[in-house]
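> Attaching a predicted model along with its sequence, questions to come.
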Amino acid sequence: MDILQILISDSFWAAAFRIATPLIFGVLGALICEKAGVLNLGIEGIFAAGAMAGWMAVWLGAGLWGGLLVAALTGGAFGLLHAILTVPLGLSQHVSGLGITMLATSLSYFTYRTTLPNVSSPPRIVPFQPLDIPVLSDLPFVGLVLFQQTAMTWLAFFMVALVWWVLNRTPLGMAIRAVGDNPDAVDAQGLSVYGLRIGAIVAGSALMALGGAFLTMSAFDAFFFGMVNGRGWICIALVIFASWRPGKALLGAVLFGAFDAFQVRLQTEVGALVPSQVFLMAPYVMSIIALVIVARRAEYPRALLTPWFKGQR
Amino acid sequence: MEGPDFSAPLPMTNNLVLSLKALSKRFGSVVANDAVSIDLHQGEVLSLLGENGAGKTTLMNMLFGHYMPDSGTVDVADMDGNMHPLTLGHPQAALEAGIGMVHQHFTLAENLSALDNILLGSESLLRWRQNHRAARHKIAGIIERTGLSAPLDEKVGNLSVGERQRVEILKALYHDARILVLDEPTAVLTPQEADTLFENIGAMTKDGLSVIFISHKLREVLAFSHRIAVLRHGRKVGEIATKDADEKSIARMMVGADTPVNPREDIAVGAPVLQLKSITVSGDSARNSLQDANLTVHANEVVGIAGVSGNGQSALASIVSGLAGPDHGEMLVDDVAITRFDPPNLLKSGIGRIPEDRHHDGVIGAMTVAENLIIERLNDPDVQKNGFLRQEIIREHAQELCRDYDVRGPGIDAQARLLSGGNIQKLILARVFECSPRLILANQPTRGLDLGAANEVARRLLEARKRGAGILLISEDLDEVLALSDRIVVIHDGQLIAAKDKDRASIGLMMAGEHT
Amino acid sequence: MIRIEPREAPSRTLTIGVPVASALIALMLAAIPLAFAGANILEAYGQMAKGIFGSVFAFTEMLTRATPLIFTGLAATLAFRAKLWNIGAEGQFYLGAMAAVTVGTGMIDAPSYILIPIILFTGAAAGAAGMAGPAYLKTRFGADEVVTTLLLNFIILIFMQMMLEGPLKDPMGMGWPQSEPIVDNGMLPQLLPRMRVHFGLIIALIAAVVAQIMLSKSVWGFKLRAIGENAAAALHAGIGVKRTLMGAAIISGAMAGLAGVSEVAGLKGYLTADLSPGFGYTGIVVAMLAGLSPIGVVLSAIFISSVFVGADSMSRAMGVSSYLADLVVAMSLISVLVGGFIARYRISWINKGVA
Amino acid sequence: ETLKVAGIFTLPVEQQWISRIHIALNAAAKRGDIEYVYSENVSNTDYERVMREYAESGVGLVVGEVFGLERAARKVAADYPETAFLMGSSFKPQEPNFSTFDNFIHEPAYLSGMVAGAASKSNVIGMVGGYAIPEVNRLMHAFMEGARETNSDVKFLVNFIDSWYDPPKAKESAFAMMDAGADVMYAERFGVSDASVERGKLAIGNVIDTSADYPGTILASALWHMEPTIDIAIAAVADGSYKAEDYSQYSFMAKGGGSLAMDASLVSADIVAAVNARSAEIMDGSFTVKINDEAPVSDN
Ligand SMILES: Nc1ncnc2c1ncn2[C@@H]1O[C@H](COP(=O)(O)OP(=O)(O)OP(=O)(O)O)[C@@H](O)[C@H]1O
Ligand SMILES: Nc1ncnc2c1ncn2[C@@H]1O[C@H](COP(=O)(O)OP(=O)(O)OP(=O)(O)O)[C@@H](O)[C@H]1O
Ligand SMILES: [Mg+2]
Ligand SMILES: [Mg+2]
């Protein structure tokens, strides 16, 4: 297979979308938080918590959708903690975020280990299966690329559309964007800055947790330590790459997925000639290059990282 | 449009619509408001006066729910004219009671369109889509009634300050305000714009709107209000019907003493200190462009640049302060052509700058007053030795400057952000004048300052002129330009046109782009 | 409605009492997972104290673990003061370590007093280069440094693995991807016999003091703070913003690089791909806990290290999962953060409605 | 008093290599031979401290891996001559108390390769590894040798995912190889067998036996049994005869440290016979599987 053949093969693009799915959830979650003016570096830990909680809920009998709900609630809970620390208390968003990552990760691991002390390989669940929609999934190319993905990939697509709609077409979205630009504007119109920000962080964190849950409930069927493996951090990078737009977030995630899928294929093709690490690096290098190209046009939420206190100037 | 007659007293039979009762507020040790009571009647325009820091904004912020009063109550009339106590501390409650507020500092989200800013908070957050059509219809009605228009679909970030000001007002009116609070609404408007605004507002008062407006410009206070209330050091020190007031009496009420008038001596101008020759800057918009601009400023001369903001002033200021270079043309300081446009180089060639946005470009709020005073001369051996700051000398120097320039505040070791706007401006003046610059670029030097502070700035500028400096004064306040300048140049659409004489009306027309 | 106001002058009891109280609260929080795991809580606390102060060994171990955190904490402090968000200390750490093993494993034959400075310098330079890149991309193209430094962490880590399987690989390492050991002349001296604490700690302390003095007393520090607080005003006042930013980036990267040098030349002796258990990221926490004060970084590094070492040791003594250590660190971090807030601000509840 | 044994592992105990030690120690504890405690996910920086803490607390035998800190670990062992250390290591034992072991299951890996080579119809076998370290490399090479014995045309695709624990990523790597024609997968990491199940391909297990989780997919697995090593060490410590020794041999098939698990229902009878014959030769020492620690690369 030469490079071109790889790029036009349906299995390659199917892989790209699969790899992209958790990133889509994560980048949307991070985007919502940042649109409201709060950086959420808790994402890496929230991924782990979502992966652990969702999987464990299914294993305990909650069912797949029940598991997703549990994952989202878990993510939302950590989001709430981050929100309380950074919004009314106005503490450093960097530290709080990294603290949440530490807390969520270690709590998930500790809980897992304490609940299942004597397993040498974790119990497995029956994960989401590829949808196999009649007719559509038999279509050439798109059949495999899109219609044989699991329900979670479609949920991710739906979330992109939903988040786009909410942010651009609804009063709530306007309020969220405004609170990330100038909280005084929101306050002066009688809306609650705290309420909007806390709500956005909780919702965003719940989405992030779904990204984690994808790893244990769709991409794989069990929880492992360290399996998040930096995916959360990638999302933080992708948000900026996406200039805080949901559509571009989808694009960025799929692009990253494509880089990764391509990297694996190239490694097996020409792995003998080039050290494997060169391929592993590729997606990150490409992301930086892409960022440098789009950087000038990025439009920051102006109030990002700036806490706001009522009655203070 | 026919305005209301401010010379006639408002019939006292008009209903009371708002009553502030003994509102008090402290911030730490500062008593911002001390038992202030004010009444407002239907259709009345009340203007609230006071020096910087007198407590005007604080009072209005309590009315609107931004601040929670320490004590006191507010009663507001409902649609039927019955007075009810207002729930304090909640902007939402104030909005529902029909109070609209235009804040001293814009409260607009720059990433949203003007329309979305206006709509913000007016629709239920649970709606699945905005109702733009109904909103446009309603806004069109307001625009028709008031003559205030703004580009609704443009992002606020792309609007000029004047346009933003109008969006702010539309926003308040959109919420069906029956009581409108305007905190220094004209600080960034041209005289014509200000006049139009007040005429429009006057027209609305005939429909029952009641207005409180805060301003430092006595001219408009006298022309466009029924009643004047004055605050000093947080206390209400007087109330007077506008028809009984004049500039002098109000000033005395505000300051507690007569304010001196700045003497402006005639001096022969010296050699040119600044020459712009065919300078062209092609910015991303007219606001940031200059076309073939020629200008000379001599020693002992004040050249005033009059114009509506957004006509190229910022491009001009950027060039002269070295933040950007021109695309074409030449700039000479003392007959030496400038080749490198960067702030340190222009500082070295003797240009002192008073920036337009003093909080953003003028001071570093989180650093101390003393530190802000030396920020432009870090390489000076007086200030540093072997790369280390000479703290003792710096502090002494700061003490001295603060005394000389009357910079008042919590002291030289306090953060500069704690100073009031007027004192920040004095800090910048001290820093600039201390280096005895050949040329002073004074960009909107008195914007938002009270009478006393503005007088002080003017006095210092005239003093520098007398000493031999050339002064390039950029201001939207035509009265200020007229009062201080030896020559006036009008800026419009990136072009500089010399005014023939100091005639208010004809310059006003030139500012609007009509050549005579 | 909740009202938050800065305290005018925080009282002495508050400034001392609150950190102590928040540390105690953190310990109380730790009781929850301990109880969940079925351990005797009082005994656990005793074991934790023993793990930090129980012996000279325990105490020096705590200092050993604090050493790289002081460096990475300083790296974050110096960059963050200029509002340059360097999240890449982890990568710069490894660049420093790689440089150290490149020059320190026999390439140069020199006595200690020459070789050690060379190793320190190259390590610092490599770390500096690792941050200069993102700073350049930021000043030249406006590329956000949070992203570039974050992504560079991955790139550098992978690059290092490539080096460890290539040019840097120890031929005597039995195929394991690790570098050759640093020659004896290149190793930082131990401070106490039989203890791991090494000269890197002294360098870290000196670096903290120097950083403190430079920040508060030098023109360079002045410029750094100025651009961090208000870059527009600094630019207007004639401060070379880009230059200062590059300077901050270089010093910050150098500090992170020194962390790597100190770990490899002070402690481990050779480089493996798992030299750092996240020192770069923890450095950010250390710096922010210290309120971006260099001297404060020393204290907060010691705090974080104590909690970790103590809780880790306790988890073993109590037979509880060792993931407890990270959990207790995270909980302490959050309570200290909140505690610091309470010391600085007055929080009061005011009832709704008419006052 | 029962012997106290401590395990110190740099990764979680689910990791395949570590799980074999953990299981053997747990089994000994269950029998009542020892009292077993462990610390997992100990970073290299902390490892030395943990070793000392256990040694100080009176543990009789410390088991773990010191690949990342050979020198430091040996220093600790020298400081505590009363404590026995049994460590996964690439180097020689050190007198008087530091013994070494490693997963020398290249023999069953070779046998599993024979099964794989015969099973591949496309003549392409995919191998997904974590990191290219000797412990992984030697098994891959042995496996490849075995495959070439039964199928001289076979080609190998090799991929390292740079993580011990990222099953989704391992799965993607496996899918990529299947796209490139692989029909038998060498499942060094979790996730690879799952990919085989989803695509209806075959897989060869490694170190642990997961065939029950993937019925019909795992043809054979090269298994590592740490029980001989652990039990011998425990006995030696208990009777005071413990000394520095190379325990590697106890991972060999002949000592019961390695074995092949084969699903006879999926492998043709003649291959089963060939494998059994080879197995017997290995056991009696007439056939030696070469040890090659170099990083394997894809054939092209
Ligand atoms: N949020 C606040 N925190 C602390 N002090 C405040 C705050 N708001 C106002 N103050 C204090 O209240 C006093 C009154 O300020 P205010 O803004 O009401 O003055 P003002 O009359 O509006 O002045 P200006 O004419 O310049 O707008 C100030 O001197 C200041 O000390
Ligand atoms: N955040 C704050 N915290 C404490 N005191 C403040 C704060 N902001 C302002 N002040 C106080 O407010 C006083 C006046 O501030 P204020 O902003 O009202 O001045 P101003 O003249 O109205 O400026 P401007 O015209 O630019 O609004 C200062 O002397 C300072 O003590
Ligand atoms: Mg004010
Ligand atoms: Mg005011």
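All right, it came through fine. Ligands and ions are numbered 1, 2, ... in the order given.

> For the host helix or strand of B:Leu46, give the mean pLDDT please.
B:Leu46 belongs to strand B:45-49 when elements are defined using DSSP states H and E. For strand B:45-49, mean pLDDT is 94.

> swap in stretch B:501-512?
81.

> Count the residues that sit near B:Asp75.
Residues near B:Asp75, counting by other CB atoms under 10 Å in any protein chain shown, number 17. All C-beta spots, glycine's among them, are computed from the backbone N, C-alpha and C.

> Help me confirm that A:Val38 comes into contact with A:Val87.
Yes - contact criterion CB atoms under 8 Å: A:Val38 and A:Val87 qualify, at 6.9 Å.

> Quick one: list the elements packing against the one helix or strand C:Gly46 maps to.
In the assignment (DSSP H and E), C:Gly46 maps to helix C:41-53. Contact analysis of helix C:41-53 by 3 or more CB pairs under 8 Å, 6 or more residues apart in numbering or on different chains; DSSP states H and E lists helix C:12-36, helix C:56-81, helix C:294-318 as its packing neighbours.

> how about those, which one is nearest C:Phe341?
helix C:12-36 (9.1 Å; CB to CB).

> The closest one to helix C:294-318, inter-axis angle?
Helix C:12-36 and helix C:294-318 are oriented at 30 degrees to each other (axes from the mean of the first three to the mean of the last three CA atoms, to 10 degrees).

> now helix C:12-36, how far from the chain's geometric center?
23 Å (CA atoms, centre = their mean, to the nearest Å).

> do it and chain D meet at all?
No - shown here: helix C:12-36 not in contact with chain D (CB under 8 Å from any CB of the partner chain), separated by at least 16.0 Å.

> list the contacts for residue 95?
Defaulting to chain A. C:284-285, C:288-289, C:333, C:337 (CB atoms under 8 Å, 6 or more residues apart in numbering or on different chains).

> meant chain B actually
A:189-190, B:121, B:175.

> need the next SSE after the host helix or strand of it, C-terminal direction.
Per DSSP H and E: B:Leu95 is located in helix B:91-96. With elements assigned by DSSP H and E, the helix or strand that comes after helix B:91-96 is strand B:99-102.

> Is any residue of that next one near ligand 4?
No - shown here: strand B:99-102 not in contact with ligand 4 (CB under 5 Å from the ion), separated by at least 11.9 Å.

> Direction included, what does that strand pair up with?
strand B:179-183 (parallel) (DSSP bridges).

> buried set for the partner strand?
By neighbour count on 16 or more other CB atoms under 10 Å in any protein chain shown, the buried set for strand B:179-183 is B:179-183.

> Report all helices and strands that the helix or strand following that strand contacts.
Next along the chain after strand B:179-183, taking DSSP H and E as the criterion, comes helix B:191-206. Here helix B:191-206 is seen to pack against strand B:45-49, helix B:132-146, helix B:161-174, strand B:179-183, strand B:210-214, helix B:218-224, helix B:504-511 when contacts are counted using 3+ CB pairs under 8 Å, 6+ apart.

> Give me the contact list for the fifth one.
Residues from elsewhere that reach strand B:210-214, judged by CB under 8 Å, 6+ apart: B:17-18, B:38, B:40-49, B:56-57, B:60, B:104, B:178-185, B:201, B:205, B:224-225.
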